[in-house]
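Trainee: pasting the structure only:
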């Protein structure tokens, strides 16, 4: 059961206050409907898993408060979940046509707020090897889309138009960042200056070349990600690679990772589309794994807007 928030489209991005108010309005009816659809009485619930962070503090407070109250009311264990850890462990949701990674493996978590390469030794032993120093990859897609005049959320539209264009039509610089860290702010700036220059020469430039521009932007971003992944594989010797997070729904990134199985000799794991963007199932699988491990939280726990994988 999902409650969507269309209101953010009018503002070209998520408005934290509106998001938290919508959470407050929808959380009770959504949980009620989910239980009804599953034909499960709330007294049969064994534990309550919730997202502690990272994320928008207002929305996290709503979820945390509700989860603590429900766990107390039902007298069942409370289980906190790290949002980014959940994107990785979504690969362990049991479905017939989903292959689960073997430990250890490398996970590339890519979303609107995060870009990380994580070494995953087991369900709850993870180490961040590299992360973005500024903008996340999702921001790079969305801000590029905004520069092109595309509506929010623009990332999926860049992907859509990219499939119709020439990825080598225009060349954008790849940032030089040490180690396994990422940077996307410079790319965003170079795209802005490029568009400003071209539209000054021809006001119809974007309209005439939209598919090629999107394809070139996406091609550059994909290669920034893959270059770091190749480096991580070389450093660790681990050739099992998984992706997770909203941007892992991008068709170009999925295709590039699948191609790496042949060209690089990797074993790659790509989640179903419904497990890429934020979803309850990924919180549920972490809750389930922690429940089996008797890894519970107490009522003193609080939400954390910044919550590092460890």
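Mentor: Cool, got the structure. None of these values were measured; they are calculated from a predicted model.
Trainee: now the strands for the stretch 1-150 of the chain?
Mentor: Ranges of strands in the stretch 1-150 of the chain, per DSSP state E, counting those that start in this stretch, are 48-53, 78-82, 105-110, 115-122, 125-131.
Trainee: just those strands: most buried one?
Mentor: The highest mean neighbour count among these, using mean count of other Cβ atoms under 10 Å, belongs to strand 105-110: a mean of 26. Just so you know, the C-beta spots here come from the backbone N, C-alpha and C atoms, and that holds for glycine as well.
Trainee: got the contact list for the residue lying closest to residue 119 once chain neighbours are set aside?
Mentor: Distances taken as Cβ to Cβ, 6 or more residues apart in numbering place residue 127 nearest to residue 119, at 4.5 Å, with adjacent residues excluded. Contacts for residue 127 were tallied using Cβ atoms under 8 Å, 6 or more residues apart in numbering; they are 118-119, 121, 309-310.
Trainee: wait, doesn't residue 77 sit right on residue 291?
Mentor: Yes. Between residue 77 and residue 291 a contact is recorded at 7.0 Å, counting by Cβ atoms under 8 Å.
Trainee: Give the intersection of the neighbour lists for the two.
Mentor: By Cβ under 8 Å, 6+ apart, the residues touching both residue 77 and residue 291 are 46-47.
Trainee: which one of the contacts of residue 127 is nearest residue 236?
Mentor: Taking Cβ to Cβ as the measure, residue 236 lies nearest residue 119 of the contacts of residue 127, at 6.5 Å.
Trainee: wait, isn't residue 137 in contact with residue 115?
Mentor: Yes. Counting by Cβ under 8 Å, residue 137 does reach residue 115; the two are 4.6 Å apart.
Trainee: Pull up the overlap in contacts between those two.
Mentor: Shared contacts of residue 137 and residue 115, defined by Cβ under 8 Å, 6+ apart, comprise 182, 184, 225.
Trainee: so the last one is in which element?
Mentor: Secondary structure from DSSP states H and E places residue 225 in helix 205-236.
Trainee: Strand 115-122 and the next helix or strand after that helix, what's the angle between them?
Mentor: Sequence order places strand 240-244 as the next helix or strand after helix 205-236, per DSSP H and E. Strand 240-244 and strand 115-122 are oriented at 120 degrees to each other (axes from the mean of the first three to the mean of the last three Cα atoms, to 10 degrees).
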